[in-house]
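J.: sequence first, then the predicted structure, then my questions.
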Amino acid sequence: MPVIEVSDLHKRYGEKVAVQNVSFTVERGEIFGMLGPNGAGKTTTVECVAGLRAPNGGSISVLGLDPIRDRRVLHKRLGIQLQESAIQNRLRVAEALDLYSSFYENPADWEELLDRLGLAPHRNVAYGKLSGGQKQRLSIALALVGKPEIAVLDELTTGLDPQARRDTWALIEGVRDSGVTIILVTHFMEEAQRLCDRVAVIDAGKVVALDTPEGLASHVGAENRLYFRPSAPVDEAALKELPEVSSVRVAADGTVSIAGDEHVVQAVMSLLARAHIVAGDLRVDQASLDDAFVALIGHDSVE
Amino acid sequence: MSGSLVKLTRTEWKMFVREPMAMIFGLAMPIVLLVILGCIPSFRTHKPDLGGQRIIDLYVPIVIGLGLATLCLLLLPGALASYREKGILRRMSTTPVPPTQLLAARMLIDFPLAVVVMIVAVAVGVIAFGTKIPHQPIGFLIALALTTLATQSLGMIIGAVARTESVGRGLGMVLYYPMMFCAGVWLPRDSMPHVLRRITDFTPLGSGVGALQNTIGGQWPTTLQIVVLVGFTLVAGALAARLFRWE
């Protein structure tokens, strides 16, 4: 039984169509990704799901509720971390959590949230004095303080440095492990690939693909590639005969590059082993969501 | 009041107190003005053409009016615009508590702030310059509350539409200066030509300062003063509610 069902969602701003024919379902306990270039309609879609915008057409059911009609009830059970939403600059971390926890009948223990999000050392720091990463973590804490069943996280790692981004990912996995269903809006492939159970790729207001990250990558026929420097000359013809291999190239410096399907690495390695050749400087590029995204969207406009 | 409104109001109070500019302009400036004017010897002499009153007597209600103008026409619209600009209203709208409670909390703190300005102004006047303790204290408090409400409603029209804090404060200035004039900051209402004074009677701060002055003297606010203050509250309040933009 899905916790979120969106069917045939339409949303216009004046003449401009932001979202059209968007349908998807989210199952309890999964991390559902919404991936797409800027302006694709991701935020509009989640704002409709969260009851912050009224759709022009289609139907949405979240935890069996109508997000617009049952908005107040829904907001007790769904936490949202939005872009471009802040709190007062002079409000301190602990005060903000104490305040927001008073908005819910059965809030989480915010002291524990402070610890979990690594904000305890900053509890008396004013919001305006926090770093970008700390602000994001507080924003996540505020989205979780009502003990939601569903958390919507919109572009939560945008603007964070790589370390802070990885820390945030670990945190999101922890939240999911505690049983919260998560909708993650992102335009980072790596983030979607690492975190999401399923991903909806959205472009120009439409869902262009919906699958697991691996499913998306294999579906678009993206290839795995490997590069290595053999300890002895390789038999190019034998390599090309392998059913898993689609192309072989030997560069002037002796580096071999091979492309093929998802089993290509295994096949090439066994062949080399039989010929007693060692593959030095081995590098493997797996077919990724990145390749799938480019194939699906037809342009690489992210970031 | 619900638990969240109590907490929001306490939070808004803390936010105000932590903003040095708000404290200086909202609370300190009117008192400083009163002290400076009280140091002018001729302002402390009884004037036959003012019915035997001294100019400093007239300035106690005027600086209270000035404080209310700063609180309600500059700081209140600025705060609401910044809540819109920074997405604080948006953030609130994702919780089960409606963001109207944040507006209510921000408006509620103006009342204790008005009381603080009033108490300090009256105390400084009485202790330093021998001005009167309000002789009609209940009427005085009613006048203070109604003037705060009427001025807030005017400020809320700006707070309803301004997209950014600087626009909010800028538009607030457009009302602030004429309202300071009406309150008698530059020329006490008793010294104004009759026609001018009559015009200011129909403004929130003109009638508000008039009502404060009446009640200090022991009278009740006049019917006209009450009608003007309540009328502004209702009309400007309704307009602000109609114009209000959440984003």
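T.: Right, received. Where do you want to start?
J.: all contacts plus neighbour counts: C-alpha atoms, from now on.
T.: Fine.
J.: chain A: helices as residue ranges?
T.: A:42-49, A:71-77, A:93-101, A:110-116, A:132-144, A:162-177, A:189-195, A:213-219, A:236-241, A:264-274, A:289-297 (DSSP state H).
J.: would you check that residue B:144 makes contact with residue B:208?
T.: Yes. The criterion here is CA atoms under 8 Å, and residue B:144 meets it with residue B:208 at 7.4 Å.
J.: settle it for me: which of these two has more neighbours?
T.: Using other CA atoms under 10 Å in any protein chain shown, the more surrounded residue of residue B:144 and residue B:208 is residue B:208, with 34 against 23.
J.: could you report the neighbour count for the residue of the stretch 201-303 of chain A found nearest chain B?
T.: Residue nearest to chain B within the stretch 201-303 of chain A (CA to the nearest CA): residue A:205, separated by 22.3 Å. Using other CA under 10 Å, residue A:205 has 22 neighbouring residues.
J.: that one touches residue A:23, doesn't it?
T.: No. Counting by CA under 8 Å, no contact exists between residue A:205 and residue A:23, whose distance comes to 11.2 Å.
J.: what does the stretch 1-150 of chain A put close to chain B?
T.: For the stretch 1-150 of chain A, the residues in contact with chain B (CA under 8 Å from any CA of the partner chain) are A:50, A:52, A:71-76, A:79-80, A:82, A:84-88, A:90-91, A:99, A:102-104.
J.: recalculate using a threshold of 10 Å.
T.: With CA under 10 Å from any CA of the partner chain as the criterion, the stretch 1-150 of chain A meets chain B at residues A:47, A:50-52, A:71-92, A:95-96, A:98-105, A:139, A:142-143, A:146.
J.: which residues touch residue 204?
T.: If you meant another chain, say so; for now it's chain A. A:17-20, A:36-42, A:297 (CA atoms under 10 Å, 6 or more residues apart in numbering or on different chains).
J.: wait, I meant chain B there
T.: B:65, B:69, B:146-154, B:179, B:182-183, B:210, B:225-226, B:228-233.
J.: skipping adjacent residues, who's closest to whatever residue of chain B ends up closest to chain A in space?
T.: Of all residues in chain B, the one sitting closest to chain A is residue B:87 (4.0 Å; CA to the nearest CA). Distance criterion CA to CA, 6 or more residues apart in numbering or on different chains; nearest residue to residue B:87, sequence neighbours excluded, is residue A:85 at 4.0 Å.
J.: give me the neighbour count for that neighbour.
T.: Count around residue A:85 with other CA under 10 Å applied: 17.
J.: and for residue B:221?
T.: 21.
J.: which residue ranges form the helices in chain B?
T.: Here chain B has its helices, by DSSP H, at B:3-17, B:20-22, B:29-38, B:55-69, B:76-85, B:88-92, B:100-108, B:110-129, B:137-161, B:165-183, B:194-200, B:204-216, B:223-243.
J.: got the contact list for the last one?
T.: Okay, so that is helix B:223-243. In contact with helix B:223-243 (CA under 10 Å, 6+ apart) are residues B:142-143, B:145-161, B:201-211, B:220, B:244.
J.: can we see that at 8 Å?
T.: Residues from elsewhere that reach helix B:223-243, judged by CA atoms under 8 Å, 6 or more residues apart in numbering or on different chains: B:146-147, B:149-154, B:156-161, B:201-204, B:207-208, B:210-211.
J.: residues of that helix that come out buried?
T.: B:225-226, B:228-230, B:232-233, B:236-237, B:239-240 (16 or more other CA atoms under 10 Å in any protein chain shown).
J.: now do it: distance to the chain's middle.
T.: Centroid separation for helix B:223-243 versus its chain: 14 Å, with CA atoms, centre = their mean, to the nearest Å.
J.: follow-up on the earlier one: which among the helices of chain A is found nearest to residue A:253?
T.: Among the helices of chain A, the nearest to residue A:253 by CA to CA is helix A:236-241 (15.2 Å).
J.: list the buried ones in that closest one?
T.: For helix A:236-241, by 16+ other CA under 10 Å, it's A:239-240.
J.: low-confidence ranges in chain B?
T.: B:1 (pLDDT under 70).
J.: mind telling me which residue of the stretch 1-150 of chain A is nearest chain B?
T.: Taking CA to the nearest CA, the stretch 1-150 of chain A has residue A:85 as its residue nearest chain B, at 4.0 Å.
J.: pretty sure that residue sits against residue B:86.
T.: Yes. Shown here, residue A:85 and residue B:86 form a contact pair, counting by CA under 8 Å, at 6.2 Å.
J.: so what's the residue nearest to the residue of the stretch 201-303 of chain A closest to chain B when sequence neighbours are not counted up against?
T.: The shortest distance from residue A:205 to any non-neighbouring residue, by CA to CA, 6+ apart, is to residue A:19 (3.9 Å). Neighbouring residues of residue A:19 by CA under 8 Å, 6+ apart: A:9-12, A:41, A:44-45, A:204-206.
J.: what subset of the contacts of residue A:204 is buried?
T.: A:18-20, A:36-38, A:40-42, A:297.
J.: so what's the spatially most central residue of chain B up against?
T.: Residue closest to the average C-alpha location in chain B (CA atoms, centre = their mean): residue B:68, at 1.6 Å. Residue B:68 makes contacts with B:26, B:114, B:147-148, B:151, as judged by CA under 8 Å, 6+ apart.
J.: in stretch B:91-98, which residues are buried?
T.: In stretch B:91-98, counting by 16+ other CA under 10 Å, buried: B:91-97.
J.: need the residues you listed in JSON lines with distance to residue A:181, can you?
T.: Compiled in JSON lines, those are given as follows (distance: CA to CA, whole Å):
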{"residue": "B:91", "distance to residue A:181": "20"}
{"residue": "B:92", "distance to residue A:181": "22"}
{"residue": "B:93", "distance to residue A:181": "21"}
{"residue": "B:94", "distance to residue A:181": "17"}
{"residue": "B:95", "distance to residue A:181": "18"}
{"residue": "B:96", "distance to residue A:181": "19"}
{"residue": "B:97", "distance to residue A:181": "22"}
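J.: okay if I get those residues as CSV plus distance to chain A?
T.: Output for the buried residues of stretch B:91-98, formatted as CSV (distance: CA to the nearest CA, whole Å):
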residue, distance to chain A
B:91, 5
B:92, 9
B:93, 8
B:94, 6
B:95, 5
B:96, 5
B:97, 6
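J.: circling back to that earlier point, neighbour count and distance to chain A added to the contacts of residue B:68, as JSON lines?
T.: As requested, the contacts of residue B:68 are arranged in JSON lines below (neighbours: other CA atoms under 10 Å in any protein chain shown; distance: CA to the nearest CA, whole Å):
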{"residue": "B:26", "neighbour count": "24", "distance to chain A": "18"}
{"residue": "B:114", "neighbour count": "22", "distance to chain A": "22"}
{"residue": "B:147", "neighbour count": "31", "distance to chain A": "28"}
{"residue": "B:148", "neighbour count": "27", "distance to chain A": "24"}
{"residue": "B:151", "neighbour count": "27", "distance to chain A": "24"}
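J.: how about those residues, which pair is most distant?
T.: So, the contacts of residue B:68 by CA to CA: farthest apart are B:26 and B:147, at 15.5 Å.
J.: could you find the closest non-adjacent residue to residue 109?
T.: Using chain A here. Per CA to CA, 6+ apart, closest to residue A:109 is residue A:145, 7.5 Å.
J.: switch to chain B, please.
T.: residue B:13 (6.0 Å).
J.: check contacts around the residue of the stretch 151-300 of chain A found nearest chain B.
T.: Scanning the stretch 151-300 of chain A for proximity to chain B using CA to the nearest CA identifies residue A:152 as nearest, at 10.5 Å. Applying CA under 8 Å, 6+ apart to residue A:152 gives the contacts A:46, A:50, A:78-82, A:182-185.
J.: one more time with 6 Å, if that's ok
T.: A:80, A:182-183 (CA atoms under 6 Å, 6 or more residues apart in numbering or on different chains).
J.: hey, what's it bridged with?
T.: residue A:80, residue A:183 (DSSP bridges).
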